[in-house]
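Novice: Show me how the following folds:
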Amino acid sequence: MRGGTTNRNYGVLQADGQRFAVRLGQDKPEHGVMRFNEQAAARAAARAGISPKIFYTSPGVMVMRLLPGRSLKADEIQKPENLLRVAALLRRCHTSMAGFLQGPLLAFWVFHINRSYIGALYKADSRIRERLEGLQEINEKLEARVGKVDIVFCHNDLLAGNVFDDGARLWLLDWDYAGFNAPMFDLANLCSNNNFYPHEEDALLRAYYGRELERGERDAFEAFKCASLLREALWNATSELSSDLDVDYARATDDYLHRLEVALAALN
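Specialist: Next up is the predicted model:
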(Lines give C-alpha, C1' and ligand atoms only; values in the text may rest on other atoms or scores of the structure.)
Protein backbone atom coordinates (compact mmCIF):
# COMPACT_ATOMS: atom_id res chain seq x y z
CA MET A 1 0.00 0.00 0.00
CA ARG A 2 1.06 3.58 -0.51
CA GLY A 3 2.53 4.46 2.86
CA GLY A 4 3.37 7.51 4.86
CA THR A 5 6.74 9.11 5.39
CA THR A 6 7.36 7.46 8.77
CA ASN A 7 5.98 3.94 8.23
CA ARG A 8 5.20 1.14 5.77
CA ASN A 9 1.68 -0.14 5.10
CA TYR A 10 0.49 -3.45 3.67
CA GLY A 11 -2.93 -4.74 2.70
CA VAL A 12 -3.76 -8.32 3.76
CA LEU A 13 -6.65 -10.37 2.33
CA GLN A 14 -7.66 -13.47 4.32
CA ALA A 15 -9.14 -16.56 2.71
CA ASP A 16 -12.49 -15.72 4.32
CA GLY A 17 -12.52 -12.33 2.57
CA GLN A 18 -11.63 -10.16 5.55
CA ARG A 19 -9.27 -7.30 4.69
CA PHE A 20 -6.71 -5.81 7.04
CA ALA A 21 -4.14 -3.03 6.93
CA VAL A 22 -0.78 -3.80 8.56
CA ARG A 23 1.22 -0.77 9.62
CA LEU A 24 4.93 -1.10 10.42
CA GLY A 25 7.02 1.70 11.85
CA GLN A 26 9.63 2.41 14.48
CA ASP A 27 9.91 5.46 16.70
CA LYS A 28 11.11 8.63 14.95
CA PRO A 29 12.40 10.71 17.87
CA GLU A 30 13.71 13.42 15.54
CA HIS A 31 10.07 14.08 14.63
CA GLY A 32 8.53 13.30 18.02
CA VAL A 33 6.83 10.17 16.64
CA MET A 34 6.51 7.53 19.36
CA ARG A 35 4.61 4.39 18.43
CA PHE A 36 3.16 3.79 21.90
CA ASN A 37 1.41 7.14 21.53
CA GLU A 38 0.24 6.48 17.97
CA GLN A 39 -1.19 3.09 18.95
CA ALA A 40 -2.94 4.42 22.05
CA ALA A 41 -4.48 7.21 19.97
CA ALA A 42 -5.56 4.82 17.22
CA ARG A 43 -7.19 2.48 19.75
CA ALA A 44 -9.08 5.37 21.34
CA ALA A 45 -10.13 6.72 17.95
CA ALA A 46 -11.44 3.29 16.97
CA ARG A 47 -13.45 3.06 20.19
CA ALA A 48 -14.77 6.56 19.54
CA GLY A 49 -15.90 5.46 16.08
CA ILE A 50 -13.74 7.85 14.08
CA SER A 51 -10.97 5.47 12.97
CA PRO A 52 -10.89 1.81 11.84
CA LYS A 53 -11.07 -1.03 14.37
CA ILE A 54 -7.71 -2.15 15.77
CA PHE A 55 -7.15 -5.92 15.96
CA TYR A 56 -3.57 -6.16 17.15
CA THR A 57 -0.67 -4.00 18.34
CA SER A 58 2.89 -4.71 19.41
CA PRO A 59 5.95 -2.44 19.35
CA GLY A 60 6.22 -1.15 15.79
CA VAL A 61 3.25 -3.17 14.50
CA MET A 62 -0.44 -2.32 14.22
CA VAL A 63 -3.18 -4.30 12.44
CA MET A 64 -6.49 -2.62 11.68
CA ARG A 65 -9.53 -3.09 9.50
CA LEU A 66 -8.95 -2.11 5.88
CA LEU A 67 -11.90 0.05 4.94
CA PRO A 68 -13.44 0.20 1.47
CA GLY A 69 -13.17 3.61 -0.13
CA ARG A 70 -10.35 6.10 -0.56
CA SER A 71 -8.63 9.07 0.96
CA LEU A 72 -9.84 12.50 -0.07
CA LYS A 73 -7.82 14.94 -2.15
CA ALA A 74 -7.27 18.54 -1.12
CA ASP A 75 -9.70 19.95 -3.68
CA GLU A 76 -12.36 17.51 -2.46
CA ILE A 77 -12.01 18.56 1.18
CA GLN A 78 -12.60 22.14 0.06
CA LYS A 79 -16.05 21.36 -1.34
CA PRO A 80 -18.82 22.91 0.81
CA GLU A 81 -20.49 19.60 1.59
CA ASN A 82 -17.20 18.05 2.69
CA LEU A 83 -16.25 21.05 4.83
CA LEU A 84 -19.36 20.36 6.89
CA ARG A 85 -18.47 16.67 7.18
CA VAL A 86 -14.85 17.33 8.14
CA ALA A 87 -15.87 19.95 10.71
CA ALA A 88 -18.25 17.45 12.32
CA LEU A 89 -15.55 14.75 12.31
CA LEU A 90 -13.02 17.04 14.00
CA ARG A 91 -15.55 18.21 16.55
CA ARG A 92 -16.30 14.58 17.37
CA CYS A 93 -12.58 13.88 17.72
CA HIS A 94 -12.07 16.84 20.04
CA THR A 95 -15.09 16.13 22.23
CA SER A 96 -15.11 12.33 22.43
CA MET A 97 -11.52 11.07 22.27
CA ALA A 98 -10.65 11.90 25.89
CA GLY A 99 -13.21 9.42 27.19
CA PHE A 100 -11.49 6.54 25.40
CA LEU A 101 -7.81 7.34 26.02
CA GLN A 102 -5.77 5.19 28.39
CA GLY A 103 -2.20 5.26 29.64
CA PRO A 104 0.66 7.69 28.97
CA LEU A 105 0.18 10.04 26.01
CA LEU A 106 2.05 12.92 24.41
CA ALA A 107 1.24 16.57 23.97
CA PHE A 108 1.68 18.32 20.63
CA TRP A 109 2.44 21.99 21.22
CA VAL A 110 3.61 23.23 17.85
CA PHE A 111 5.75 26.02 19.29
CA HIS A 112 7.71 23.62 21.48
CA ILE A 113 8.08 21.28 18.52
CA ASN A 114 9.40 24.12 16.37
CA ARG A 115 11.90 25.08 19.08
CA SER A 116 13.11 21.49 19.28
CA TYR A 117 13.55 21.26 15.52
CA ILE A 118 15.45 24.56 15.45
CA GLY A 119 17.81 23.44 18.21
CA ALA A 120 18.51 20.14 16.47
CA LEU A 121 19.03 21.83 13.10
CA TYR A 122 21.58 24.20 14.65
CA LYS A 123 23.55 21.26 16.04
CA ALA A 124 23.38 19.39 12.73
CA ASP A 125 24.65 22.41 10.75
CA SER A 126 21.53 22.39 8.58
CA ARG A 127 21.46 23.91 5.11
CA ILE A 128 19.11 26.59 6.49
CA ARG A 129 21.24 27.27 9.59
CA GLU A 130 21.57 30.99 8.86
CA ARG A 131 17.79 31.36 8.85
CA LEU A 132 17.15 29.58 12.14
CA GLU A 133 17.56 32.58 14.45
CA GLY A 134 14.94 34.50 12.50
CA LEU A 135 12.62 31.52 12.47
CA GLN A 136 13.01 31.19 16.23
CA GLU A 137 11.94 34.82 16.67
CA ILE A 138 8.94 34.24 14.42
CA ASN A 139 7.98 31.18 16.45
CA GLU A 140 8.05 33.12 19.73
CA LYS A 141 5.94 35.95 18.31
CA LEU A 142 3.37 33.52 16.95
CA GLU A 143 3.12 31.74 20.30
CA ALA A 144 2.51 35.05 22.08
CA ARG A 145 -0.15 35.93 19.53
CA VAL A 146 -2.05 32.69 20.17
CA GLY A 147 -2.40 33.38 23.90
CA LYS A 148 -4.39 31.09 26.18
CA VAL A 149 -5.99 28.01 24.68
CA ASP A 150 -8.30 25.15 25.55
CA ILE A 151 -6.69 21.70 25.48
CA VAL A 152 -8.25 18.62 23.89
CA PHE A 153 -6.89 15.55 22.14
CA CYS A 154 -6.07 16.39 18.51
CA HIS A 155 -4.95 14.64 15.34
CA ASN A 156 -2.34 17.28 14.37
CA ASP A 157 -1.54 15.95 10.88
CA LEU A 158 -4.53 16.82 8.75
CA LEU A 159 -3.28 16.14 5.27
CA ALA A 160 -6.03 15.29 2.80
CA GLY A 161 -4.73 11.73 2.65
CA ASN A 162 -5.54 11.23 6.33
CA VAL A 163 -9.26 11.90 5.76
CA PHE A 164 -10.89 8.75 4.39
CA ASP A 165 -14.30 8.43 2.70
CA ASP A 166 -15.91 4.98 2.67
CA GLY A 167 -18.81 6.24 0.56
CA ALA A 168 -21.10 6.75 3.54
CA ARG A 169 -19.01 8.67 6.08
CA LEU A 170 -15.57 10.08 6.83
CA TRP A 171 -12.83 8.58 9.01
CA LEU A 172 -9.54 9.90 10.37
CA LEU A 173 -6.39 7.87 9.68
CA ASP A 174 -2.74 7.98 10.77
CA TRP A 175 -2.28 9.09 14.38
CA ASP A 176 1.53 9.43 14.29
CA TYR A 177 1.47 13.01 15.61
CA ALA A 178 -1.64 12.81 17.79
CA GLY A 179 -1.57 14.47 21.18
CA PHE A 180 -3.08 17.01 23.54
CA ASN A 181 -3.27 20.38 21.83
CA ALA A 182 -5.51 23.34 21.07
CA PRO A 183 -8.45 22.38 18.83
CA MET A 184 -7.81 25.54 16.84
CA PHE A 185 -4.52 24.03 15.66
CA ASP A 186 -6.28 21.12 13.95
CA LEU A 187 -8.47 23.58 12.06
CA ALA A 188 -5.52 25.77 11.08
CA ASN A 189 -3.44 22.74 10.14
CA LEU A 190 -6.23 21.42 7.91
CA CYS A 191 -6.51 24.78 6.16
CA SER A 192 -2.78 25.33 5.63
CA ASN A 193 -2.07 21.74 4.56
CA ASN A 194 -4.82 21.81 1.95
CA ASN A 195 -4.43 25.36 0.62
CA PHE A 196 -7.84 26.65 1.65
CA TYR A 197 -9.04 29.97 0.28
CA PRO A 198 -10.28 32.50 2.87
CA HIS A 199 -13.95 31.80 2.14
CA GLU A 200 -13.31 28.07 2.65
CA GLU A 201 -11.61 28.78 5.97
CA ASP A 202 -14.59 30.87 7.02
CA ALA A 203 -17.00 28.08 6.08
CA LEU A 204 -15.00 25.50 8.05
CA LEU A 205 -14.79 27.69 11.14
CA ARG A 206 -18.51 28.50 11.06
CA ALA A 207 -19.33 24.81 10.66
CA TYR A 208 -17.07 23.85 13.59
CA TYR A 209 -17.98 26.62 16.03
CA GLY A 210 -21.51 27.38 14.86
CA ARG A 211 -20.76 31.11 14.90
CA GLU A 212 -18.39 33.77 13.63
CA LEU A 213 -15.04 33.94 15.41
CA GLU A 214 -14.18 36.86 17.66
CA ARG A 215 -11.15 38.98 16.78
CA GLY A 216 -8.83 37.29 19.27
CA GLU A 217 -9.88 33.83 18.10
CA ARG A 218 -9.24 34.77 14.49
CA ASP A 219 -5.81 36.12 15.40
CA ALA A 220 -4.99 32.80 17.09
CA PHE A 221 -6.21 30.87 14.05
CA GLU A 222 -4.00 32.89 11.70
CA ALA A 223 -1.01 32.48 14.03
CA PHE A 224 -1.57 28.72 14.20
CA LYS A 225 -1.65 28.57 10.39
CA CYS A 226 1.75 30.26 10.26
CA ALA A 227 3.10 27.99 13.00
CA SER A 228 1.87 24.95 11.07
CA LEU A 229 3.71 26.13 7.95
CA LEU A 230 6.85 26.73 10.00
CA ARG A 231 6.61 23.27 11.49
CA GLU A 232 6.25 21.72 8.02
CA ALA A 233 9.34 23.61 6.83
CA LEU A 234 11.35 22.43 9.83
CA TRP A 235 10.04 18.87 9.47
CA ASN A 236 11.32 18.79 5.91
CA ALA A 237 14.63 20.44 6.82
CA THR A 238 15.11 17.73 9.45
CA SER A 239 14.17 15.03 6.95
CA GLU A 240 16.83 16.37 4.58
CA LEU A 241 19.33 15.15 7.16
CA SER A 242 17.68 12.02 8.51
CA SER A 243 15.52 10.35 5.85
CA ASP A 244 16.67 7.80 3.27
CA LEU A 245 13.48 8.08 1.19
CA ASP A 246 13.76 9.29 -2.40
CA VAL A 247 12.01 12.59 -1.69
CA ASP A 248 13.17 16.12 -2.54
CA TYR A 249 12.93 17.40 1.02
CA ALA A 250 15.08 20.45 0.25
CA ARG A 251 12.57 21.67 -2.30
CA ALA A 252 9.72 21.05 0.15
CA THR A 253 11.59 22.99 2.86
CA ASP A 254 12.01 25.96 0.55
CA ASP A 255 8.40 25.80 -0.63
CA TYR A 256 7.07 25.86 2.94
CA LEU A 257 9.40 28.71 3.91
CA HIS A 258 8.07 30.71 0.97
CA ARG A 259 4.49 29.97 1.96
CA LEU A 260 5.34 31.03 5.51
CA GLU A 261 6.67 34.37 4.25
CA VAL A 262 3.44 34.97 2.33
CA ALA A 263 1.29 34.03 5.33
CA LEU A 264 3.31 36.25 7.68
CA ALA A 265 2.94 39.19 5.30
CA ALA A 266 -0.83 38.73 5.38
CA LEU A 267 -0.76 38.34 9.17
CA ASN A 268 1.08 41.60 9.70
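
Novice: What helices and strands are in contact with whatever helix or strand residue 185 lives in?
Specialist: Assigned by DSSP states H and E, residue 185 falls within helix 183-193. Packed against helix 183-193, as judged by 3 or more CB pairs under 8 Å, 6 or more residues apart in numbering; DSSP states H and E, are the following elements: helix 80-96, strand 152-154, helix 198-209, helix 215-242. Where you see a C-beta, it was placed from the backbone N, CA and C, and this is true even at glycine.

Novice: Need the winner for burial among those.
Specialist: strand 152-154 (a mean of 24; mean count of other CB atoms under 10 Å).

Novice: Give the partner strands of that one in its sheet and their orientations.
Specialist: Strand pairing for strand 152-154, using DSSP bridges, gives strand 179-181 (antiparallel).

Novice: mind listing what residue 26 touches?
Specialist: 35, 60 (CB atoms under 8 Å, 6 or more residues apart in numbering).

Novice: ugh, wrong one, residue 59
Specialist: 35, 36.

Novice: Identify the residue nearest the geometric centre of the chain.
Specialist: residue 157 (0.9 Å; CA atoms, centre = their mean).

Novice: Is residue 175 in a helix, a strand, or coil?
Specialist: coil (DSSP: H, G, I helix; E, B strand; the rest coil).

Novice: ok, and the closest non-adjacent residue to it?
Specialist: residue 41 (3.9 Å; CB to CB, 6 or more residues apart in numbering).

Novice: Name the residues that touch stretch 121-128?
Specialist: Contacts for stretch 121-128 (CB under 8 Å, 6+ apart): 129, 132, 234, 237, 238, 240, 241, 250, 253, 257.

Novice: Quick one: mean pLDDT over that stretch.
Specialist: Average pLDDT, stretch 121-128: 96.

Novice: about what we covered before: how about the helices and strands packed on helix 183-193, which one is nearest residue 178?
Specialist: Evaluated over the helices and strands packed on helix 183-193, closeness to residue 178 peaks at strand 152-154, with 6.8 Å, by CB to CB.

Novice: which element follows that closest one toward the C-terminus?
Specialist: Per DSSP H and E, the first helix or strand lying C-terminal to strand 152-154 is strand 163-165.

Novice: Give me the distance from that next one to the chain's centre.
Specialist: 14 Å (CA atoms, centre = their mean, to the nearest Å).

Novice: Quick check: which ranges of the stretch 151-268 of the chain have low pLDDT?
Specialist: Residues of the stretch 151-268 of the chain meeting the criterion pLDDT under 70: 268.

Novice: ok, back up a step: ok, and for the helix holding residue 185, which residues are buried?
Specialist: 183, 184, 185, 186, 187, 188, 189, 190, 191, 192, 193 (16 or more other CB atoms under 10 Å).

Novice: need the contact list for the nearest residue to the residue nearest to the centre of the chain once chain neighbours are set aside.
Specialist: Distances taken as CB to CB, 6+ apart put residue 177 closest to residue 157, at 4.4 Å, once the chain neighbours are dropped. Going by CB under 8 Å, 6+ apart, residue 177 touches 31, 32, 33, 108, 155, 156, 157.

Novice: Could you identify the most distant pair in those?
Specialist: Most distant of the contacts of residue 177, by CB to CB, are 31 and 155, 15.4 Å apart.

Novice: Between these two, point out the one with more neighbours.
Specialist: Neighbours per residue, other CB atoms under 10 Å: of residue 31 and residue 155, the larger number sits with residue 155, 30 against 20.
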